[in-house]
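*Asks:* The following comprises the amino acid sequence and a computationally predicted model.
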Amino acid sequence: MKIGITCYPTYGGSGVVGTELGIELAARGHEVHFIAYQQPIRLTTQHPQIFFHEVTVSQYPLFEYPPYDLALATRMAEVAEIYELDILHVHYAIPHSVSALLARQMLAAQTNGKARKLPFVTTLHGTDITIVGADRSYLPVTRYSIEQSDGVTAISNYLKKVTLQEFDIKNHIEVIYNFVNCDTYRRDPNAADRRAEFADKDERILVHVSNFRPVKRLCDVIEIFDRVQKKVPSRLLLMGDGPDRSQAEWLVSQKGLRNKVEFLGKVDRVHEKLSFADLMVAPSEMESFGLAALEAMACEVPTVGTAVGGVPEVVEHGRTGFLAQVGDVEAMAAFAIDILSDEKRLREMGMLARWEAQAKFCTTRIIPEYEQFYVRVLERA
Ligand code: GMT
């Protein structure tokens with residue numbers, strides 16, 4: 001198949017999923033065309049079946065807000081026509097599904113026998129429904145573009161339920177879980193040298209990966225770590241960047257933790273760090289899925305986090321991690337101290353986490369689900 005993919009190219013779960021999906025589809029023989037305003041951050045490898053098409057938004061003094069959605073729709077239609085795309089797959093509804101809808105209509109309306117079909121699939125990721133999409137200024141158009149999609153998927157049962165409830169949508173929503181490549185994401189028994197760059201042998205390594213937005217509760221990560229390091233010698237590695245970074249840096253200094261906490265910035269090879277980590281800390285206010293927890297699980301790293309949204313579909317409390325109420329840093333720290341103090345249980349839980357990631361969320365299982373979904377959409381279109 002020839003598949004167009006649009007996602008946010010920056011550091012964020014939906015962009016990561018969209019990009020990794022394209023890479024996996026290309027590896028399975030499909031031709032993949034990414035259409036976005038910059039090359040996706042995870043698109044680091046060259047592949048003869050992968051193409052990137054940049055969307056440029058013309059500036060004009062009249063435009064206080066340059067219309068990216070229109071430029072995107074135009075580029076989607078152009079790429080679909082020139083490269084004869086079979087299907088377009090957009091990640092994150094706003095504004096991508098609206099642009100896709102416009103591109104589909106533009107192509108269908110072409111005259112001189114040039115009209116062509118461009119069915120599109122919208123994958124809902126979370127904040128496009130729960131925060132941004134629920135805003136009155138976006139809700140009607142988001143609902144309309146979801147209803148007009150030729151296929152809709154959600155990344156967890158939780159997100160499907162919320163979408164049906166809050167948006168009162170009548171379409172079928174297919175749940176296709178997020179995935180992880182279990183060959184790339186795995187524990188590395190030979191990582192001692194790389195591990196030694198961050199911690200002494202007797203220290204544990206806690207990690208957190210996110211875009212440092214308020215929803216991730218980065219300061220709770222610091223609060224949890226502060227309590228843990230008082231009982232268990234440990235270090236904290238923070239991967240990502242975003243609006244809450246300076247507040248977190250201030251808290252780290254206030255607590256005298258500067259020599260134990262490292263801000264690594266936007267790391268593009270996250271698996272290299274996860275492969276020697278001991279515990280993922282994910283105390284989010286809301287997560288429709290929790291991709292960072294899944295990537296950690298594949299590397300035999302259990303998660304201590306919050307029982308919100310779709311997280312319990314990924315992390316099983318007491319088996320592959322520990323889940324507490326939002327803001328309960330005492331409980332999360334206590335869980336972390338317990339598990340980090342018991343090497344045997346920590347490793348057993350890590351192995352269970354890996355087993356679960358392989359059984360339920362591995363690319364070999366999930367990518368065919370997307371392929372079959374595309375086929376069904378194309379048959380109906
Ligand atoms: O969490 C974010 O701020 C980023 C956001 C996105 O769309 O980029 O993440 C959402 O999609 C991820 C990939 O499907 C999910 O793993 C995250 O749980 C989800 N975030 C939220 O629901 C807050």
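*Replies:* Done, it's in.

*Asks:* Is the host helix or strand of Glu348 positioned near the ligand?
*Replies:* For Glu348, the element it lies in under DSSP states H and E is helix 343-361. No: residues of helix 343-361 are not located near the ligand by CB under 6 Å from any ligand atom, the shortest gap being 11.3 Å. Placement of C-beta: from N, CA and C, glycine included.

*Asks:* May I see the buried residues of that helix?
*Replies:* Of the residues in helix 343-361, Leu346, Met349, Gly350, Leu352, Ala353, Arg354, Glu356, Ala357, Gln358, Phe361 count as buried by neighbour count, 16 or more other CB atoms under 10 Å.

*Asks:* One more: stretch 142-151?
*Replies:* Buried residues in stretch 142-151 (16+ other CB under 10 Å): Thr142, Arg143, Ser145, Ile146, Gln148, Ser149, Asp150, Gly151.

*Asks:* Let me have the residues you listed in JSON lines, extended by pLDDT.
*Replies:* Shown next, in JSON lines, are the buried residues of stretch 142-151 (pLDDT from 0 to 100):
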{"residue": "Thr142", "pLDDT": "90"}
{"residue": "Arg143", "pLDDT": "92"}
{"residue": "Ser145", "pLDDT": "95"}
{"residue": "Ile146", "pLDDT": "94"}
{"residue": "Gln148", "pLDDT": "96"}
{"residue": "Ser149", "pLDDT": "97"}
{"residue": "Asp150", "pLDDT": "98"}
{"residue": "Gly151", "pLDDT": "98"}
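
*Asks:* show me which of those neighbour the ligand.
*Replies:* For the ligand, no contacts are drawn from the buried residues of stretch 142-151 by CB under 6 Å from any ligand atom.

*Asks:* hmm, who's touching the helix holding Glu348?
*Replies:* By CB atoms under 8 Å, 6 or more residues apart in numbering, the surrounding residues in contact with helix 343-361 are 177-180, 182, 185-187, 278-279, 294, 296-303, 314, 316, 319-321, 339-340, 365.

*Asks:* tell me the phi and psi of the closest residue in space to Thr127 that isn't next to it in sequence?
*Replies:* Distance criterion CB to CB, 6 or more residues apart in numbering; nearest residue to Thr127, sequence neighbours excluded, is Val215 at 7.2 Å. As for Val215, its main-chain torsions (degrees, to the nearest 10) stand at phi -60, psi -20.

*Asks:* Count residues in the vicinity of Val215, would you?
*Replies:* 18 (other CB atoms under 10 Å).

*Asks:* Same question for Thr44.
*Replies:* By other CB under 10 Å, the residues close to Thr44 number 11.

*Asks:* in what helix or strand does the residue nearest to it when sequence neighbours are not counted lie?
*Replies:* Excluding the flanking residues, the one nearest Thr44 by CB to CB, 6+ apart is Asp268, at 6.0 Å. Here Asp268 sits in a region with no helix or strand, counting by DSSP H and E.

*Asks:* So for Asp268, what pLDDT did the model give?
*Replies:* At Asp268, the model reports a pLDDT of 80.

*Asks:* can you tell me which residues contact it?
*Replies:* The neighbours of Asp268, taking CB under 8 Å, 6+ apart as the test, are Ile41, Arg42, Thr44.

*Asks:* got a markdown table for those residues, with distance to Ile173 and pLDDT too?
*Replies:* Converted to a markdown table, these look like this (distance: CB to CB, whole Å; pLDDT from 0 to 100):
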| residue | distance to Ile173 | pLDDT |
| --- | --- | --- |
| Ile41 | 28 | 85 |
| Arg42 | 25 | 85 |
| Thr44 | 32 | 86 |
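
*Asks:* could these go into CSV alongside distance to Ile169 and secondary structure?
*Replies:* Compiled in CSV, the contacts of Asp268 are given as follows (distance: CB to CB, whole Å; DSSP: H, G, I helix; E, B strand; the rest coil):
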residue, distance to Ile169, secondary structure
Ile41, 31, coil
Arg42, 30, coil
Thr44, 36, coil
